[in-house]
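> Just need the structure, nothing else, for what follows:
(4 chains)
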There are 2 protein chains.
Amino acid sequence: MDRATVAAHPRLDVCHHRSSALLTLHSPFARKLGAFVALTSEEMAALDRLHGRRKTFPARRDMVHQGMTNQSCYILASGWVCSYKLLSGGTRQIVDFQIPGDFLGLRSVLFRTADHNIEPVTKVEASEVLAGDLLDTFSKTPRLATAVLWAASRDEAMVVEHLVGIGRRDARERTAHFLLELGARLKLVGLGTASGFACPLSQYMLGDALGMSAVHVNRVLRELREGGLVTFQRGQVEIHDLDALVALADFDKSYLDHDGPLLK
Amino acid sequence: MDRATVAAHPRLDVCHHRSSALLTLHSPFARKLGAFVALTSEEMAALDRLHGRRKTFPARRDMVHQGMTNQSCYILASGWVCSYKLLSGGTRQIVDFQIPGDFLGLRSVLFRTADHNIEPVTKVEASEVLAGDLLDTFSKTPRLATAVLWAASRDEAMVVEHLVGIGRRDARERTAHFLLELGARLKLVGLGTASGFACPLSQYMLGDALGMSAVHVNRVLRELREGGLVTFQRGQVEIHDLDALVALADFDKSYLDHDGPLLK
DNA sequence: CACAATCACTGATCTGCGTAAGTCCACGCT
DNA sequence: AGCGTGGACTTACGCAGATCAGTGATTGTG
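Predicted coordinates:
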């Protein structure tokens, strides 16, 4: 399977209906927020209006980089992006990957200047959300501000889990954990299943995300493959022994879940 | 200087005036939020009302631990706390330290169950904020929701910087960066100066925060001391060569700053 | 006052992982 | 066809930092 097909997967497409019928399926982003705050049709509509101009970005060319001011944020419709920080030595640390349905660049808007880079991993389609529109929406439909706060907290929980992994897990555990988390997230938005998913990341990117060298990523992936746990080849991750992987990684997916709206 | 005096430092005390005079100094927390959203006196008052019962916690006994449900959050008045996650192997990773004026436990409220532990480093005084009160306040004074979103983003930026450090900086750089960040934060709330600050952390805690062994923390601190950069002894950090330290750590404090309210 | 804890600090040994330096595809150019 | 580029994958070597196993000083406590 070709990498590019990941970005073109039909299920990635965001629904654009402006209909106000209560049961209409809205964007994956709206569905995600709805999991925390039970949204009224009016709030749903406000969310849909937020989706501004649809933009396309080519793979591998930064959408945003450190120090840029007056940025917009984006709601990812298709493709993958990563956010990373550069260090003076020329190395980088990838902080997170965003997949379809994810919100990105919130921090770049709230602080007026971007504190990290955003690079599309594949070709990307995203709706631009202008800073002003976002803040307006918050003041007109205040519960959406709380909903976005919740979404941001969920992102923070992922960063925290990532931090824990890099700080206290060894390379194999870390890699296993990463693949499991990615799989769980993809499953939530309807990409991938319990047994595998398409993944456009190179071993270099994995290395930059996991805080290790690409060489070592390769070694670890081989070990995991030879141990019959997972294979990651030609852009495809296949999970062969989920239980063993979960045990190895000490994976607890509760931080990705939510058990129904907190705000009625 | 005794450790305990850190917690008892007079400047740590939160101001409790309920006066609605516009120019009253409010809590450090209110001042922090005011840096992002220009707060009206009414919003200030709502914030002050948020401070619920004042509670005291002894050092070293978890206030909150993973899996607890229906938690409150807290506004720290005096003392230090750390938030950490436990791994199955028995090791832990400290994610962040909170100092007076910081808000803690937001994630434990938004997700209904705590995803991390919170342990007082010293004896601690904090105002409890009940989950319901917080959400009420958001709906009644919506701009406060946006302000808290901003504060949460700032915390996330710190976690990100921490992640970058553990992933891509070596032990000396990481330690230097940590001390600089801590110093900068303490200076913002009026504890400590450019040349030093009181710090109640043991080398074990530093190790758990920096993702290294306490043994190695000790060696690194010795190197930094012998190099004439910083000394960290008997609960006191003295910065002797700020420039060299900033250069070593590749420290850029912009992620801690804010340049005036974004929301008028 | 003895005791158990907790902490700073040290030296010796071992190892996970980075670095350097490659090979071997599969591809999109011209 | 001939070249350049980017990714997967190796092997050999060396080092940063973990682990183990201590010492001694300073606390708080029954």
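> going forward, measure contacts and count neighbours with C-alpha atoms only.
Will do.
> for the stretch 51-200 of chain A, what spans make up the strands?
A:54-57, A:73-78, A:81-86, A:92-98, A:103-104, A:117-120, A:124-129, A:196-198 (DSSP state E, counting those that start in this stretch).
> what about the last one, near DNA strand D?
If I follow you right, that is strand A:196-198. No - using C-alpha under 7 Å from any atom of the strand, strand A:196-198 never reaches DNA strand D; the gap is at least 12.1 Å.
> Centre of the chain to that strand, how far?
When distances are taken as C-alpha atoms, centre = their mean, to the nearest Å, strand A:196-198 is centred 15 Å away from the chain's centroid.
> what's it packed up against?
helix A:171-188, strand A:236-239 (3 or more C-alpha pairs under 8 Å, 6 or more residues apart in numbering or on different chains; DSSP states H and E).
> what's near enough to touch the residue of the stretch 101-250 of chain A found nearest DNA strand C?
Residue of the stretch 101-250 of chain A nearest DNA strand C, by C-alpha to the nearest atom of the strand: A:Met212 (2.7 Å). Listed by C-alpha atoms under 8 Å, 6 or more residues apart in numbering or on different chains, the contact set of A:Met212 reads A:Ala171, B:Gly167.
> is it fair to say it lies in a strand?
No - secondary structure of A:Met212 (DSSP: H, G, I helix; E, B strand; the rest coil): coil, not part of a strand.
> so where's the stretch 1-150 of chain A shaky on pLDDT?
A:1-26 (pLDDT under 70).
> what about 50?
Flagging of the stretch 1-150 of chain A using pLDDT under 50 yields the residue ranges A:1-24.
> Tell me the residues of it that contact chain B?
Proximity of the stretch 1-150 of chain A to chain B, by C-alpha under 8 Å from any C-alpha of the partner chain, involves residues A:85, A:87-88, A:91-93, A:95, A:107, A:110-112, A:115, A:138-139, A:142-143, A:145-146, A:148-150.
> In ChimeraX, how would I select the buried members of the residues you listed?
The buried residues among those can be selected in ChimeraX (16 or more other C-alpha atoms under 10 Å in any protein chain shown) with this line:
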select /A:85,92,93,95,107,110,111,112,115,138,139,142,143,145,146,148,149,150
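> for DNA strand C, what are the nearby residues on chain A?
Residues of chain A found near DNA strand C, taking C-alpha under 7 Å from any atom of the strand as the criterion, are A:Asp170, A:Ala171, A:Arg172, A:Gly211, A:Met212, A:Ser213, A:Ala214, A:Val215, A:His216, A:Val217.
> And the spatially closest residue to A:Ser88 that is not a sequence neighbour, how far from B:His177?
Among residues not flanking A:Ser88 along the chain, B:Asp250 sits closest, at 6.7 Å (C-alpha to C-alpha, 6 or more residues apart in numbering or on different chains). Distance from B:Asp250 to B:His177, counting by C-alpha to C-alpha, to the nearest Å: 7 Å.
> And those two? Which one has more around it.
B:His177 (25 against 18; other C-alpha atoms under 10 Å in any protein chain shown).
> can you pull the pLDDT of the closest residue to A:Leu256 other than its chain neighbours?
Spatial nearest neighbour of A:Leu256, chain neighbours left out: A:Arg154 (7.1 Å); criterion: C-alpha to C-alpha, 6+ apart. A:Arg154 is assigned 94 on the pLDDT scale.
> okay but A:Arg154 is in contact with A:Arg185, surely?
No - counting by C-alpha atoms under 8 Å, A:Arg185 is not a contact partner of A:Arg154; they are 11.8 Å apart.
> Mutual contacts of these two, please.
Residues touching both A:Arg154 and A:Arg185 (C-alpha under 8 Å, 6+ apart): A:Leu256.
> and A:Gly90, how many neighbours?
A total of 6 residues lie near A:Gly90 under the criterion other C-alpha under 10 Å.
> next one: phi and psi at it?
Dihedral pair for A:Gly90: phi 100, psi -10, per degrees, to the nearest 10.
> give me every residue that touches the most centrally placed residue in chain A.
Nearest to the geometric centre of chain A sits A:Gln98, at 2.4 Å (C-alpha atoms, centre = their mean). Shown in contact with A:Gln98 (C-alpha under 8 Å, 6+ apart): A:Leu76, A:Trp80, A:Val81, A:Cys82, A:Ser83, A:Leu104.
> could you measure A:Val124 against chain B, distance?
Distance of A:Val124 to chain B, computed by C-alpha to the nearest C-alpha, to the nearest Å: 24 Å.
> ok, and the closest non-adjacent residue to that residue?
Sequence neighbours aside, A:Gly79 is the residue nearest to A:Val124 in space, at 4.6 Å (criterion: C-alpha to C-alpha, 6+ apart).
> Give the full set of residues in contact with the residue nearest to A:Asp62 when sequence neighbours are not counted.
Excluding its sequence neighbours, the residue lying closest to A:Asp62 (C-alpha to C-alpha, 6+ apart) is A:Glu119, at 4.3 Å. By C-alpha under 8 Å, 6+ apart, the contact list for A:Glu119 reads A:Ala59, A:Arg60, A:Arg61, A:Asp62, A:Met63, A:Val64, A:Val81, A:Cys82, A:Ser83, A:Tyr84.
> Count the neighbours of the first one for me.
The number of residues packed around A:Ala59, counting by other C-alpha under 10 Å, is 17.
> And A:Ser195, its phi and psi?
In terms of degrees, to the nearest 10, the main-chain angles of A:Ser195 are phi -100, psi -10.
> I'd like to know how many residues surround it.
Neighbours around A:Ser195, by other C-alpha under 10 Å: 13.
> can you check A:Arg31 too?
A:Arg31 has 17 neighbours, counted by other C-alpha under 10 Å.
> Packing partners of the host helix or strand of it?
A:Arg31 is part of helix A:28-34, with elements assigned from DSSP states H and E. Applying 3+ C-alpha pairs under 8 Å, 6+ apart, we find helix A:28-34 packed against helix A:41-50, helix A:142-168.
> try 10 Å
helix A:41-50, strand A:73-78, helix A:142-168 (3 or more C-alpha pairs under 10 Å, 6 or more residues apart in numbering or on different chains; DSSP states H and E).
> Just say which of these is most tucked in.
strand A:73-78 (a mean of 25; mean count of other C-alpha atoms under 10 Å in any protein chain shown).
> Okay, angle between it and helix A:41-50 too, please.
Here strand A:73-78 runs at an angle of 90 degrees relative to helix A:41-50 (axes from the mean of the first three to the mean of the last three C-alpha atoms, to 10 degrees).
> Excluding chain neighbours, give the residue nearest to A:Glu128 in space.
In space, and not counting its chain neighbours, A:Glu128 is closest to A:Tyr74: 4.6 Å by C-alpha to C-alpha, 6+ apart.
> no, scratch that, I was asking about A:Asp115
A:Gln66 (5.0 Å).
> My read is that the one you found contacts A:Leu87, right?
No - in this structure A:Gln66 lies outside contact range of A:Leu87 using C-alpha atoms under 10 Å: 11.0 Å.
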